[in-house]
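Enquirer: got a structure for you, letters missing:
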């Protein structure tokens, strides 16, 4: 029997980690766990995934680097010709917040390159095999910032907003091959990325009166990755406790 895999980018910590573990536990996917720098965190996550009785392979590369990403992914495919990569979760993303007036080019470029170009670098070379096999799930982690905008995050909002549009367009291109493409847009989720936020103040604007948990985002992603979501494509699903504007 061919081994089925799911690739999750930026998966050593936070939302990506929760998604990778949940894909292993609920859908029994073997996991390709991408990360950029934190070896210790990646190894810890690998242990949790393997405890679910599946295989986990660490793929260390920077999704913003086209050549590096292509080399690693093509190398894995060549070394695993019998593997079926059925799910791609584009989760990798970073923030470099600041007012647009003072934003440095490097802060603009690194955010765009990671969230938006990273989606292209990872997904485009893997798509051919999905099309050939006529099955796949592509799930892009976007953000409330990419839908409503957020002051101090023009770069992040631009990257995630573009990824929303790319999600909808790609869904129309490849739907006939039974490949779905959807986006998940978290609001404020308890993680390293929100650790410095004023949670007490921000909760006042959230109807559910709390930050979300990474595991709750993972539940939604796993649903979209499952057979149960086979008629859902081109959608952006919010998970934000009711926070819209």
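Expert: It's in. Everything numeric in this text was worked out from a predicted model, so none of it was measured.

Enquirer: For residue 141, give its distance to residue 129.
Expert: 22 Å (CB to CB, to the nearest Å). (C-beta placed from N, C-alpha, C; glycine too.)

Enquirer: More neighbours: those two, which one.
Expert: residue 141 (25 against 14; other CB atoms under 10 Å).

Enquirer: dump the residue contacts of that one.
Expert: Contacts here follow CB atoms under 8 Å, 6 or more residues apart in numbering; on that basis residue 141 touches 15, 16, 89, 90, 91, 93, 183, 184, 186, 217, 221.

Enquirer: So which helix or strand of the chain has the lowest pLDDT on average?
Expert: Counting by mean pLDDT, DSSP states H and E, the chain has its least confident helix or strand at helix 199-202, which shows a mean of 73.

Enquirer: sorry, back to before: closest one of the contacts of residue 141 to residue 109?
Expert: residue 93 (14.0 Å; CB to CB).

Enquirer: Excluding covalently adjacent residues, which one is nearest to the closest one?
Expert: residue 115 (4.3 Å; CB to CB, 6 or more residues apart in numbering).

Enquirer: the helices in this structure, which residues?
Expert: 14-27, 39-50, 66-79, 105-112, 118-133, 145-148, 154-174, 199-202, 214-225 (DSSP state H).

Enquirer: and of the ones you listed, who's closest to residue 7?
Expert: Of these, nearest to residue 7 by CB to CB is helix 118-133, at 7.3 Å.

Enquirer: now the angle from the closest one to helix 66-79?
Expert: 30 degrees (axes from the mean of the first three to the mean of the last three CA atoms, to 10 degrees).

Enquirer: rewinding a little: can you tell me which of the helices of the chain the model trusts least?
Expert: Across those, helix 199-202 has the smallest mean pLDDT, namely a mean of 73.

Enquirer: hmm, who's touching that one?
Expert: 188, 211.

Enquirer: what residues are up against the residue nearest to the spatial centre of the chain?
Expert: Nearest to the mean C-alpha position of the chain, by CA atoms, centre = their mean, lies residue 91 at 1.9 Å. By CB under 8 Å, 6+ apart, residue 91 lies in contact with 8, 9, 10, 11, 15, 16, 19, 141.
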